[in-house]
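[1] need a 3D model of the sequence below.
(one chain, ligands or ions: 1)
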Amino acid sequence: MAFFSKLKDRLFKSSSKLEEGLDAIVEDGGQEETVEAPAPLPEPQPAPDAEPQSTPTAEPAAAEEPPKPQPAEKLATEEPVVAPEPTPTPQPKPAPAPTAPAAPKPGLLARLTGRTTAPTEVKRELDDDMLEQLEELLIASDMGVDTALRVTANIAEGRMGRRVSSREIKEMLAAEVARIMDTVARPMPLYPSKPQVVLVVGVNGSGKTTTIGKLASQFRAAGKSVVIAAGDTFRAAAVEQLQVWGERAGVPVLTAPEGSDPASLAFDAMTKAEADGADLLMIDTAGRLQNRQDLMEELAKIVRVIRKKDPDAPHNTLLVLDATTGQNAISQVETFQKLADVSGLVMTKLDGTAKGGILVSLADKFGLPIHAIGVGEQIDDLQPFDPEEFAAALTGLETS
Ligand SMILES: Nc1nc2c(ncn2[C@@H]2O[C@H](COP(=O)(O)OP(=O)(O)OP(=O)(O)O)[C@@H](O)[C@H]2O)c(=O)[nH]1
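    Below is the predicted model:
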């Protein structure tokens, strides 16, 4: 519940654009029609709130990494709060059905008597022009050309020539988006290894430090002992910022003198975390642009050194992506994947983007797990990723 409203509120910037675009497409060339009783929805009814917390289960992760996982625990502690929602069984929706046959009569009478109370809505025939407009809209929302084409093709399948309302097109789109995102919504897996080494990488300012602080706080609240290593040894300010987050999360931050080798800090931090019996060691790294070859090499070195200490480490390599960077996120994933064997993504700043479609594009292209999303700058502004809620928020479905 908390998650839903937060995402909904904060994704408004993103949803409103897509939502307005979808409304405009239907209105452009559409005609107002009287709403027939309980309008039969197109077959793939997405049932947006049917299984809200189904996603952050870890079965897929377990299936993929059979050797070690003792699959994930939820990242977001408020996840149980979502549970109460589905119970509201007062769904008197089925009831209106019997009244359906009677509905046209009063509508007609009302019209004859000049009291036009019958509700109307704009519908447009789903044709090539409409699909083209839809493709353009999705591409503009950063969904990427390939994904946009695939999504529209799926929407079109079996529905060409049908008259659709704005709400129906949003439902179809939300169902497609949720289907793509369903496979990638997975919390960060936890392993029995002690310490489980989590390397956090990304370009400058993507939100690595903030995400580490938020994650550390959540893991700590889940009863894990966490240690953070300040791997950005180049900037004193970065270390200080991490120390602030360490304090907020209540976890120790290991540092090294400014300018020292981040790989050796990572090695020392592993030794220390092991000696302390820590469950998790989260290693922050300096932000590096994917086109800076030297820095990317340095990252590869950090990974090599970590593996000297534990060949299975880093157990998780989280790539933190800033959702506001749009399509550039694609090349970030490609480059970081080559050097650091990225195991999962955290998408930050979803509260500030007008183009949440990038997540759909990433999921469709790489299939990397999305462990969490950042929806603000506060310590509790990191949420598990829920495909249905995301799809509904992105398309503006729940606001219609
Ligand atoms: N609105 C919003 N801001 C965020 C989010 N995550 C991080 N930020 C902000 O983004 C800015 C950069 O975050 P950092 O955590 O310092 O990013 P970084 O990747 O560690 O940065 P470098 O160390 O410079 O590479 C800060 O102002 C954060 O408060 C988020 O989910 N939403």
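
[2] how about the residues of the stretch 251-400 of the chain by the ligand?
    Residues of the stretch 251-400 of the chain lying near the ligand by Cβ under 6 Å from any ligand atom: Gly287, Thr348, Lys349, Asp351, Gly352, Gly374, Val375, Gly376, Glu377, Asp381. For the C-beta atoms, the positions are set from N, CA and C on the backbone; glycine is no exception.

[3] show the buried residues in those.
    Gly287, Thr348, Lys349, Asp351, Gly352, Gly374, Val375, Gly376, Asp381 (16 or more other Cβ atoms under 10 Å).

[4] mind putting those in JSON lines, secondary structure and pLDDT included?
    Shown next, in JSON lines, are these (DSSP: H, G, I helix; E, B strand; the rest coil; pLDDT from 0 to 100):
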{"residue": "Gly287", "secondary structure": "coil", "pLDDT": "86"}
{"residue": "Thr348", "secondary structure": "strand", "pLDDT": "94"}
{"residue": "Lys349", "secondary structure": "coil", "pLDDT": "91"}
{"residue": "Asp351", "secondary structure": "helix", "pLDDT": "83"}
{"residue": "Gly352", "secondary structure": "helix", "pLDDT": "72"}
{"residue": "Gly374", "secondary structure": "strand", "pLDDT": "93"}
{"residue": "Val375", "secondary structure": "coil", "pLDDT": "90"}
{"residue": "Gly376", "secondary structure": "coil", "pLDDT": "93"}
{"residue": "Asp381", "secondary structure": "coil", "pLDDT": "94"}
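
[5] ok, those residues vs Leu280, which is closest?
    Gly374 (18.9 Å; Cβ to Cβ).

[6] ok, now which ones touch that closest one?
    Gly207, Thr210, Thr211, Lys214, Val346, Met347, Thr348, Lys349, Leu350, Asp351, Asp381, Leu382 (Cβ atoms under 8 Å, 6 or more residues apart in numbering).

[7] hmm, Val177 is touching Glu388, no?
    No. Counting by Cβ atoms under 8 Å, Val177 does not reach Glu388; the two are 9.2 Å apart.

[8] can you give me the helices in the stretch 201-350 of the chain?
    Ranges of helices in the stretch 201-350 of the chain, per DSSP state H, counting those that start in this stretch, are 208-221, 236-249, 262-275, 293-309, 328-340.

[9] what packs against the fourth one?
    Contacts defined by 3 or more Cβ pairs under 8 Å, 6 or more residues apart in numbering; DSSP states H and E place helix 293-309 against strand 196-201, helix 262-275, helix 328-340.

[10] most neighbours per residue, which of these?
    strand 196-201 (a mean of 26; mean count of other Cβ atoms under 10 Å).

[11] and Val177 and Glu388? Which one has more around it.
    Val177 (30 against 26; other Cβ atoms under 10 Å).

[12] that one and Ala148, how far apart?
    Val177 is 11 Å from Ala148, where distance means Cβ to Cβ, to the nearest Å.

[13] follow-up on the earlier one: reformat the helices and strands packed on helix 293-309 as a markdown table; add mean pLDDT.
    Output for these, formatted as a markdown table (pLDDT from 0 to 100):
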| stretch | mean pLDDT |
| --- | --- |
| strand 196-201 | 97 |
| helix 262-275 | 95 |
| helix 328-340 | 91 |
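
[14] could these go into CSV alongside distance to Asn154?
    Below are those laid out as CSV (distance: least, Cβ to Cβ, whole Å):
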stretch, distance to Asn154
strand 196-201, 33
helix 262-275, 44
helix 328-340, 21
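
[15] out of these, which comes closest to Val360?
    helix 328-340 (11.5 Å).

[16] taking strand 196-201 as reference, get the angle to the closest one.
    130 degrees (axes from the mean of the first three to the mean of the last three Cα atoms, to 10 degrees).
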